[in-house]
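Enquirer: Quick one, fold the following:
(one chain, ligands or ions: 1)
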Amino acid sequence: MNKIPNSDKPKLAIITSGGDAPGMNAAIRAVTLKAIQNGYQVYGFIAGFHGIIAKDFIELNLQNVDNTIHKGGTILKTARCKAMYNSSGVKQAANSLNNLVIEALVVIGGDGSFKGAQALSEQWQGQLIGIPGTIDNDINGTDQTIGFWTAIDTALNCIDKIRDTADAFDRIFVIEVMGRDCGFIAMESGIASGAQQVICHELIENEPEFINQLLELIKEATKQSYPQSYVIVVAENALSFSTAELAQKISDYTNVDTRSAILGYVQRGGAPVAMDRVLATQLGISAVEAICANKTNIMVGMKKSEIIHFPLTDTNQKNITNQALIKRLEQFSFNLTI
Ligand code: F6P
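Expert: All right, here's what the predicted structure looks like:
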């Protein structure tokens, strides 16, 4: 357990929580620099809410956030903290923040982290600001989340490479990308790679019917000489059975050699692309500006290239993010036949 040195300055703390996302370090850096500029003493709790409960933290200063903007992962470590799902854990976190005289907390993470933040706001009187950081882009109230652009690029790179093998062998490939229960990574990487199909749960009303249509469509398409390679990008958890099983079903139905690949955690790592660094920097600065303007229980997000403040309580409305995905996919229906 660390002790905060005596100081007259107000204290602001940062956590990164949930799945790490490229650009989290850029956000930590931006919050730190802006907060120091505004007279705050800045702390980073280690491993998300765990660090708050255990009072495990470091002071963040100009030196230790220097040279971090380009690094993947998070210098503050991260965790999914089960203790925040029960009131005794939340109370412990609130007590720690009170004991350490933290006035404002910036939570960089996804919907699970924002739920933790909301629970905390019921027991703690300090200012709470969320910054959306997750590769999944599944947060309502913002068009983009930190890490999404990098994850798409990573997935795209891998899909392009697999396409070479698909093309060389005239094979069908089913490629699974991340997204927990949201199809944004599948959709964007599918569009960018020219995939013949994108499968996400948001587009499926009746799975057996959907699969029958899909199999028929693929059989028809692969009878023709174009396209020679056939790539299907599928979001994880889109179907009730595995990606390998889908590949087997396609192979059985079409008689075309079909393979599967799961891209997995490569999508979470690596240096953030420029878009994620810029987004993280903008949102980090805005988070501190919101604190200085006495705001609390909000997420700072980006809507139509404008910074917005959005109630933390509304960030988890999946029906709205689902609709956004369907709307976006409709724009590309010339390519994606399902
Ligand atoms: O939320 C980001 C994410 O990478 C999801 O896409 C994925 O389903 C999940 O995290 C995996 O979580 P964990 O790291 O706990 O296995």
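Enquirer: Spell out which parts of the stretch 1-150 of the chain neighbour the ligand.
Expert: The stretch 1-150 of the chain has residues 19, 80, 110, 134-136 near the ligand, with proximity defined as Cβ under 6 Å from any ligand atom. To be clear about C-beta, it is placed using only N, CA and C from the backbone, and glycine gets the same treatment.
Enquirer: again, only this time at 5 Å
Expert: 19, 136 (Cβ under 5 Å from any ligand atom).
Enquirer: so where do the helices sit in the stretch 1-150 of the chain?
Expert: Using DSSP state H, counting those that start in this stretch, the helices assigned to the stretch 1-150 of the chain run over residues 24-37, 49-54, 87-99, 111-121, 148-169.
Enquirer: counting contacts, what elements does the last one pack onto?
Expert: Contacts of helix 148-169 with other secondary structure elements, assessed using 3 or more Cβ pairs under 8 Å, 6 or more residues apart in numbering; DSSP states H and E, are made with strand 172-177, helix 184-193, strand 230-235, helix 274-292.
Enquirer: And for the fourth one?
Expert: For helix 111-121, the contact count by 3+ Cβ pairs under 8 Å, 6+ apart identifies helix 49-54, helix 87-99, strand 104-109, strand 127-132 as packing neighbours.
Enquirer: And for I262, nearest residue in space, chain neighbours not counted?
Expert: In this structure, I262 finds its nearest non-sequential neighbour in E176, 4.5 Å apart by Cβ to Cβ, 6 or more residues apart in numbering.
Enquirer: Hmm, the one you found is touching S260, no?
Expert: Yes - assessed by Cβ atoms under 8 Å, E176 is found in contact with S260 at 7.0 Å.
Enquirer: Now do the shared contacts for the two.
Expert: Common contact partners of E176 and S260 (Cβ atoms under 8 Å, 6 or more residues apart in numbering): T243.
Enquirer: Comparing those two, which residue is more hemmed in?
Expert: Between E176 and S260, counted using other Cβ atoms under 10 Å, E176 has the larger neighbour count: 26 against 20.
Enquirer: For the more buried one, list each beta-bridge partner.
Expert: Beta-bridge partners recorded for E176 (DSSP bridges): V234, I262.
Enquirer: list the contacts for it?
Expert: Contacts of E176 by Cβ under 8 Å, 6+ apart are 234-236, 243, 260-263.
Enquirer: From those, list the buried ones, please.
Expert: 234-236, 243, 260-261, 263 (16 or more other Cβ atoms under 10 Å).
Enquirer: Which one of the residues you listed is nearest to the ligand?
Expert: E236 (5.8 Å; Cβ to the nearest ligand atom).
Enquirer: which stretches of the stretch 201-338 of the chain aren't confidently modelled?
Expert: 226-227, 333-338 (pLDDT under 70).
Enquirer: just so I have it, where are all the helices in it?
Expert: Going by DSSP H, counting those that start in this stretch, the stretch 201-338 of the chain shows helices at 207-223, 243-254, 274-292, 318-330.
Enquirer: Of those helices, which stretch is the most buried?
Expert: Ranked by mean neighbour count, the helices of the stretch 201-338 of the chain are led by helix 274-292 with a mean of 22 (mean count of other Cβ atoms under 10 Å).
Enquirer: helices or strands next to that helix in the packing?
Expert: helix 24-37, strand 104-109, strand 127-132, helix 148-169, strand 298-303, strand 306-311.
Enquirer: Can you name the residues in contact with stretch 223-235?
Expert: Contacts for stretch 223-235 (Cβ under 8 Å, 6+ apart): 155, 159, 162-163, 166-167, 170-179, 182-183, 185-187, 189-190, 193-201, 218, 221-222, 243, 246, 250, 256.
Enquirer: Show me which of the residues you listed are buried.
Expert: 155, 159, 162-163, 166, 171-179, 182-183, 185-187, 189-190, 193, 195-201, 218, 221-222, 243, 246, 250, 256.
Enquirer: Correct me if wrong: A79 contacts T16.
Expert: No - counting by Cβ under 8 Å, A79 does not reach T16; the two are 9.2 Å apart.
Enquirer: which of the two has more neighbours?
Expert: Ranked by neighbour count (other Cβ under 10 Å), A79 and T16 place T16 first, with 31 against 18.
Enquirer: any idea how far G39 is from that one?
Expert: 24 Å (Cβ to Cβ, to the nearest Å).
Enquirer: likewise V233?
Expert: Taking Cβ to Cβ, one finds V233 at 48 Å from G39.
Enquirer: Which of these two has more residues huddled nearby?
Expert: Neighbour comparison, V233 and G39: the larger count goes to V233, with 31 against 11 (by other Cβ under 10 Å).
Enquirer: my guess is E59 contacts Q41, does it?
Expert: Yes - if you go by Cβ under 8 Å, E59 and Q41 touch, sitting 7.2 Å apart.
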